[in-house]
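[1] No letters, just coordinates:
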């Protein structure tokens with residue numbers, strides 16, 4: 001058995017060219033001998049960065065400079081965050097959105113959360129460890145160079161002269177340290193675990209003496225509210241890997257389609273890294289992580305989708321009577337570890353004051369009170385909760401990507417996964433030039449077998465495990481510690497032998513449901529419930545992805561042949577099919593035609609024009625499909641007025657809406673049909689007519705007029721639609737009453753289609769939907785967004801013969 005121990009307090013370790021337009025320039029600096037840094041930075045169309053260097057330090061140096069050119073303000077804000085200094089610069093009462101998981105966090109609570117991580121010495125401790133637990137030498141060199149390149153750009157440009165007005169002259173912009181970068185890495189590792197409880201950890205305080213005891217929340221309510229909130233978390237993705245049996249080349253092919261925020265620090269940035277003879281990888285990095293996280297080498301292409309596995313388990317603490325900061329384990333009291341913390345906070349007059357707060361940790365992890373902003377885990381006189389986070393000890397993911405960026409086959413990729421066991425919260429989907437397709441959820445997951453999840457559960461734990469697969473464990477019994485697997489690199493996590501993976505010669509897919517139907521011909525079953533569910537309803541987006549692959553390989557999609565070309569894989573995404581419409585419209589149209597008046601949120605309305613618009617619609621969310629807005633808003637209203645079902649998969653489904661129920665023997669095509677006898681159907685229809693009228697939109701309005709992304713003063717039309725409704729090309733844009741869908745918050749981001757054909761240069765296309773730079777004055781602030789609007793793609797320049805004719809600028813940098 002493995003008990004999670006509080007982090008020791010470790011003293012912090014002492015870790016210690018101006019962009020050209022078209023043409024070339026050389027910007028020398030101070031050369032310091034053995035630590036000399038040198039890189040060549042080239043850009044091709046749409047500002048895509050190509051960095052060539054002799055070593056990893058040089059790569060980091062060139063990339064740090066190029067990334068700062070494009071996105072310094074955004075990442076500088078993140079460095080303020082991970083150092084617990086938001087209150088100092090932006091005020092303690094303001095808040096910030098962690099766009100990677102959709103949480104909104106109070107600045108002061110956030111600062112105390114990050115100050116706790118610093119006080120515990122978490123990052124500092126990991127940096128003392130040898131690989132795989134600590135960073136590889138290549139990682140340390142990459143970070144050293146990245147810091148130098150970022151700071152070089154800042155020195156060369158000057159804070160007062162930064163091109164982005166967002167932070168030009170800002171007091172919170174400064175040169176960075178290696179510690180800043182590693183803290184950003186750590187923030188990303190915790191994105192789906194402790195980071196969803198930033199407010200809940202940073203604000204957790206023991207009940208005051210004599211305070212009136214509150215009743216604990218109803219367990220069923222806690223489970224249901226947590227499930228609904230978790231289903232709405234703003235991370236997702238699709239990926240399809242095709243083996244040689246499914247492609248026109250007889251080799252592998254990949255569609256990578258991560259769904260990530262369109263604003264903030266969890267965006268992708270396109271980059272190509274080359275160390276001649278050692279490394280040649282093309283793809284995209286997350287802001288602040290100088291590694292290709294999704295991309296391709298000469299013979300391997302991979303992507304990721306957010307996994308269904310849980311990364312944490314709450315522990316329910318039984319407190320010592322009269323002492324809310326002590327708890328019982330096996331009948332013996334244990335004192336919580338107090339961390340007195342201080343945060344500097346800006347006053348209204350611009351001065352700063354010190355704010356003090358003590359946070360508490362336990363053998364299981366820190367005490368917390370809320371997740372995703374929901375106060376579901378209160379600290380009561382007799383009971384509290386601690387958050388055990390499997391990723392709290394994980395820097396291995398950085399090593400993983402250094403090694404994957406050099407890999408040339410799916411076999412090598414599996415070996416990297418098993419060696420590092422560092423993937424923090426995603427599935428891995430890949431294809432290679434040998435024609436293998438590969439799926440794996442070998443990710444950092446608490447080792448809680450189903451039997452332990454039940455035997456160590458109280459009433460709340462039984463409710464959350466049954467509904468969500470999330471164990472809430474009894475912190476008063478040491479036997480409820482996470483189990484040990486002999487093949488697990490990190491004690492207390494599930495070893496790779498008990499995590500799902502699959503090789504196929506035809507295909508594998510994932511769209512954020514569990515591993516179960518990565519290929520319906522070979523279901524993956526028998527894994528721990530904490531990893532995911534099996535033999536239950538899949539979301540509509542998952543089903544449409546499987547349907548489209550099925551149609552192509554059977555030749556039933558109306559196209560010649562029974563294999564994919566690269567172009568057909570691109571078209572699969574940009575067809576913008578609306579699967580809810582394919583399942584419901586045949587029942588909705590005659591129902592509408594027999595209902596001259598529908599009663600909705602705005603009272604009775606005439607339906608004839610709406611019926612005609614629905615009948616004439618092509619059932620897609622393409623820009624110029626009349627009726628698309630009408631159906632989408634109808635389906636959203638239907639979702640809002642029905643109660644989500646009780647299974648975890650069903651949170652993105654509907655209750656009493658289907659006429660054909662889910663059939664475990666036909667999980668791709670069921671449930672199906674629209675139950676028009678449900679009164680919510682009429683209400684949703686009447687409501688959407690009123691919604692469009694209030695927005696001054698015709699009932700046959702298209703996405704071109706209703707769904708846009710603001711770039712400066714321009715509103716760029718955006719195609720695609722909600723994954724909730726089965727649109728594979730997922731685009732999340734909240735409905736704004738009286739307006740439409742004026743702001744894209746999340747969805748398709750860095751998209752890649754990579755085909756191997758035996759040539760030295762993979763045949764690849766990409767699109768970065770929100771463009772390469774967050775600077776509104778950059779030429780690359782909206783260029784790819786316009787291209788995406790027109791369903792365009794960028795050729796991925798990988799070989800020198802592809803890069804050289806398309807270079808728009810070259811910068812040789814050294815110091």
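    Cool, the structure landed. In this text the structure is predicted, and so the values were computed from the model without any measurement. Numbering: from 1, shown residues only.
[2] and the closest residue to residue 107 other than its chain neighbours, how many neighbours?
    Leaving aside its sequence neighbours, residue 107 sits nearest to residue 86 (C-beta to C-beta, 6 or more residues apart in numbering; 4.0 Å). The way it works is simple: take the backbone N, C-alpha and C, and place the C-beta from them, glycine included. Neighbourhood size, residue 86 [other C-beta atoms under 10 Å]: 28.
[3] got it, and residue 211?
    A count of neighbours around residue 211, defined by other C-beta under 10 Å, yields 11.
[4] give the contact list for it.
    The contact partners of residue 211, by C-beta atoms under 8 Å, 6 or more residues apart in numbering, come to residue 381.
[5] same check, this time on the one 3 residues further on
    With contacts defined as C-beta under 8 Å, 6+ apart, residue 214 is in contact with 378, 380.
[6] quick one: secondary structure of it?
    Secondary structure state of residue 214, per DSSP: H, G, I helix; E, B strand; the rest coil, is coil.
[7] Now do the same for residue 715: helix, strand or coil?
    strand.
[8] Leaving out sequence neighbours, find the closest residue to it.
    Closest residue in space to residue 715, ignoring its immediate chain neighbours: residue 708 at 3.9 Å, by C-beta to C-beta, 6+ apart.
[9] Could you do residue 710 as well?
    In this structure, residue 710 finds its nearest non-sequential neighbour in residue 743, 6.6 Å apart by C-beta to C-beta, 6+ apart.
[10] Which pLDDT value belongs to the one you found?
    You'll see residue 743 listed with a pLDDT of 97.
[11] Show the contacting residues for it.
    Residue 743 makes contacts with 708-710, 733-734, 736, as judged by C-beta under 8 Å, 6+ apart.
[12] and residue 441, what does it touch?
    Counting by C-beta under 8 Å, 6+ apart, residue 441 has contacts 307-309, 427-428, 499-501, 514-515, 531-532.
[13] Filter the residues you listed down to just the ones in strands.
    Using DSSP state E, the members of the contacts of residue 441 that fall within strands are 427-428, 501.
[14] ok, and the most crowded of those residues?
    Taking other C-beta under 10 Å as the neighbour criterion, residue 427 ranks highest of the ones in strands among the contacts of residue 441 with 29 neighbours.
[15] Please name the bridge partners of it.
    Per DSSP bridges, the residues bridged to residue 427 are residue 305.
[16] give me the low-pLDDT residue ranges for the stretch 651-800 of the chain?
    The stretch 651-800 of the chain contains residues with pLDDT under 70 at 651-654.
[17] Strands along that one, start to end?
    658-660, 672-674, 708-711, 714-717, 731-732, 746-748, 750-755, 763-768, 794-795 (DSSP state E, counting those that start in this stretch).
[18] export these to CSV and tack on distance to residue 813?
    Formatted as CSV, the strands of the stretch 651-800 of the chain follow (distance: least, C-beta to C-beta, whole Å):
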stretch, distance to residue 813
strand 658-660, 59
strand 672-674, 58
strand 708-711, 30
strand 714-717, 34
strand 731-732, 37
strand 746-748, 33
strand 750-755, 25
strand 763-768, 24
strand 794-795, 25
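[19] For residue 244, find the nearest of the ones you listed.
    strand 750-755 (11.4 Å; C-beta to C-beta).
[20] And the closest one, what does it pack against?
    Packing contacts for strand 750-755, counted by 3 or more C-beta pairs under 8 Å, 6 or more residues apart in numbering; DSSP states H and E, involve strand 253-261, strand 279-286, strand 294-296, strand 300-306, helix 566-574, strand 763-768.
[21] Each with direction, which strands does the shortest one pair with?
    For strand 294-296, sheet partners with direction are given as strand 279-286 (antiparallel), strand 300-306 (antiparallel), following DSSP bridges.
[22] Low-confidence stretches in this protein?
    1-34, 234, 643-654.
[23] can you list the domains in it?
    Following the assignment in automatic domain parsing, the chain carries domains at 46-229+338-376, 577-719.
[24] what's the first-to-last distance across the first one?
    Criterion C-alpha to C-alpha, to the nearest Å; first-to-last residue distance in domain 46-229+338-376 is 46 Å.
[25] Find the nearest non-adjacent residue to residue 556, please.
    Distance criterion C-beta to C-beta, 6+ apart; nearest residue to residue 556, sequence neighbours excluded, is residue 550 at 7.9 Å.
[26] buried set for the helix or strand harbouring that neighbour?
    For residue 550, the host element (DSSP states H and E) is helix 540-554. By neighbour count on 16 or more other C-beta atoms under 10 Å, the buried set for helix 540-554 is 540-549, 552-553.
[27] Quick check: which element contains residue 451?
    helix 450-455.
[28] Mind giving me the packing neighbours of that helix?
    By 3+ C-beta pairs under 8 Å, 6+ apart, helix 450-455 packs against helix 459-468.
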